[in-house]
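Enquirer: this one's structure only:
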């Protein structure tokens, strides 16, 4: 990160002593053509996958880091699973520590990465040998990132502003400050936002982007907001800031999900799981549904797709189409993930069975007009 951006994102003493990333780090990166992007540095260690997911939501380009002297590790595979579940569109691989291996070992590491990516949508992703010590390959890496950014479709703009909060703290003389990466919409100057859950109204006192004062921010920008008249405890990490009244907030979610093929066991009806959405982690009970409207299935097998209502232990803000990750309650490992179909559904036991089939239509039909009709039917 320091070689790529000029910023050392490992700011904690423990991170420097152990040589690993523990908390999220952030840095601006200016690409060769002058485009400025925000980089989120997430932990690679398997014990910090939750933090990795919190930093990966809404990311457009993933930079997968594999050490040339170690090759693909178990956490590399889990991170790739998470990126696929979140449907990150672009991927670039940095084969780091390339200065520590000879040409033969470097070629073996490249083949290891190629085998890992072959069954995924990133089979043709560039794999670039680099060294953060010597600077080898750093310019080529910046160019590859520029090309990946250039392939992204125009996301357009929505009238609804949303930002998941990843840090919240107080500064003497300024008050409460929250940080996050904007997910949707734009913020122009001051105004009022809503905290989800809780629906507390907050006023914006100031905006910064990568430490610089800003009058306006758009989608995908790294932002710090100075909030007026609210304690930092009311805007904790995991919460959302959003346009007032525009985003659903519920303790139930209707979802479609894919169970990973290498999950060690089926996901049973009424199983307890951890839902990772935005920067939040919430415990939930999985209430499976039959897409045909029949009785609930007993389980979903590894590698299969399921339909369910998640009963959450607390409310969470969400929008239809949001991507999420499911992890087991204990021991903790990644089960799968998917998309939210209905962010504010009625209780499953009160629903006619045909509603499940309508949800399935939203999930399965490639025709946008059919999917839209199904969503209208659900809202009726």
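Expert: That came through fine. These numbers come from a predicted model, not from an experiment.
Enquirer: other residues contacting the host helix or strand of residue 94?
Expert: Using DSSP states H and E, the element containing residue 94 is strand 90-96. With CB atoms under 8 Å, 6 or more residues apart in numbering as the test, strand 90-96 has contacts from 60-68, 83, 106, 109-110, 113, 117, 122, 125-132, 137, 141, 144-145, 148-149, 151-152. For the C-beta atoms, the positions are set from N, CA and C on the backbone; glycine is no exception.
Enquirer: swap the cut-off to 7 Å and go again
Expert: 60-68, 83, 109-110, 113, 122, 125-132, 141, 144-145, 148, 151-152 (CB atoms under 7 Å, 6 or more residues apart in numbering).
Enquirer: mind checking which of these are in strands?
Expert: By the criterion of DSSP state E, membership of these in strands covers 61-67, 127-129.
Enquirer: for the stretch 251-380 of the chain, which segments count as strands?
Expert: Using DSSP state E, counting those that start in this stretch, the strands found in the stretch 251-380 of the chain span residues 267-268, 272-277, 280-289, 299-300, 305-318, 323-328, 334-342.
Enquirer: got TSV for those strands, with mean neighbour count too?
Expert: Shown next, in TSV, are the strands of the stretch 251-380 of the chain (neighbours: other CB atoms under 10 Å):
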stretch	mean neighbour count
strand 267-268	18
strand 272-277	22
strand 280-289	21
strand 299-300	20
strand 305-318	21
strand 323-328	22
strand 334-342	23
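Enquirer: give me the buried subset of the contacts of strand 90-96.
Expert: By neighbour count, with 16 or more other CB atoms under 10 Å, these hold 60-68, 83, 109-110, 113, 122, 125-132, 141, 144-145, 148 as buried.
Enquirer: export the strands of the stretch 251-380 of the chain as CSV, with columns for mean pLDDT and distance to residue 35.
Expert: CSV is the format used below for the strands of the stretch 251-380 of the chain (pLDDT from 0 to 100; distance: least, CB to CB, whole Å):
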stretch, mean pLDDT, distance to residue 35
strand 267-268, 96, 41
strand 272-277, 96, 29
strand 280-289, 95, 30
strand 299-300, 96, 42
strand 305-318, 95, 30
strand 323-328, 94, 25
strand 334-342, 93, 29
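Enquirer: relative to residue 182, which of these is closest?
Expert: Relative to residue 182, the nearest member of the strands of the stretch 251-380 of the chain by CB to CB is strand 305-318, separated by 14.3 Å.
Enquirer: packing partners of that closest one?
Expert: Using 3 or more CB pairs under 7 Å, 6 or more residues apart in numbering; DSSP states H and E, the elements in contact with strand 305-318 are strand 248-259, strand 272-277, strand 280-289, helix 354-364.
Enquirer: circling back to that earlier point, same list (the ones in strands among the contacts of strand 90-96) but as a markdown table, adding distance to residue 214 and pLDDT.
Expert: A markdown table is the format used below for the ones in strands among the contacts of strand 90-96 (distance: CB to CB, whole Å; pLDDT from 0 to 100):
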| residue | distance to residue 214 | pLDDT |
| --- | --- | --- |
| 61 | 22 | 94 |
| 62 | 26 | 93 |
| 63 | 25 | 95 |
| 64 | 30 | 95 |
| 65 | 30 | 94 |
| 66 | 35 | 95 |
| 67 | 37 | 94 |
| 127 | 36 | 97 |
| 128 | 32 | 97 |
| 129 | 37 | 97 |
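Enquirer: any idea how far residue 282 is from residue 326?
Expert: Distance, residue 282 to residue 326, using CB to CB, to the nearest Å: 11 Å.
Enquirer: was I right about residue 248 contacting residue 318?
Expert: Yes: using CB atoms under 7 Å, residue 248 is in contact with residue 318, at 6.0 Å.
Enquirer: ok, and what's touching the strand or helix carrying residue 241?
Expert: Here residue 241, judged by DSSP H and E, is contained in strand 240-242. Strand 240-242 is contacted from outside by 160-165, 178, 193-196, 247, 278, 317, using CB under 7 Å, 6+ apart.
Enquirer: and residue 349, how many neighbours?
Expert: By the criterion of other CB atoms under 10 Å, residue 349 has 7 neighbours.
Enquirer: and for residue 33?
Expert: Neighbour tally, residue 33, other CB under 10 Å: 11.
Enquirer: and the closest residue to it other than its chain neighbours, what does it touch?
Expert: Spatial nearest neighbour of residue 33, excluding adjacent residues (CB to CB, 6 or more residues apart in numbering): residue 146 at 5.9 Å. Residues near residue 146 by CB under 7 Å, 6+ apart: 31-33, 35.
Enquirer: give me the pLDDT value at residue 146.
Expert: pLDDT recorded at residue 146 is 97.
Enquirer: do residue 232 as well
Expert: Reading off the model, residue 232 has pLDDT 85.
Enquirer: so it sits right up against residue 169, yeah?
Expert: Yes: counting by CB under 7 Å, residue 232 touches residue 169, with 5.9 Å between them.
Enquirer: with neighbour numbers in mind, choose between these two.
Expert: Just comparing residue 232 and residue 169: by other CB under 10 Å the higher neighbour count belongs to residue 232, 16 against 10.
Enquirer: what's the closest non-adjacent residue to residue 170?
Expert: Nearest non-adjacent residue to residue 170, counting by CB to CB, 6+ apart: residue 232, 5.0 Å away.
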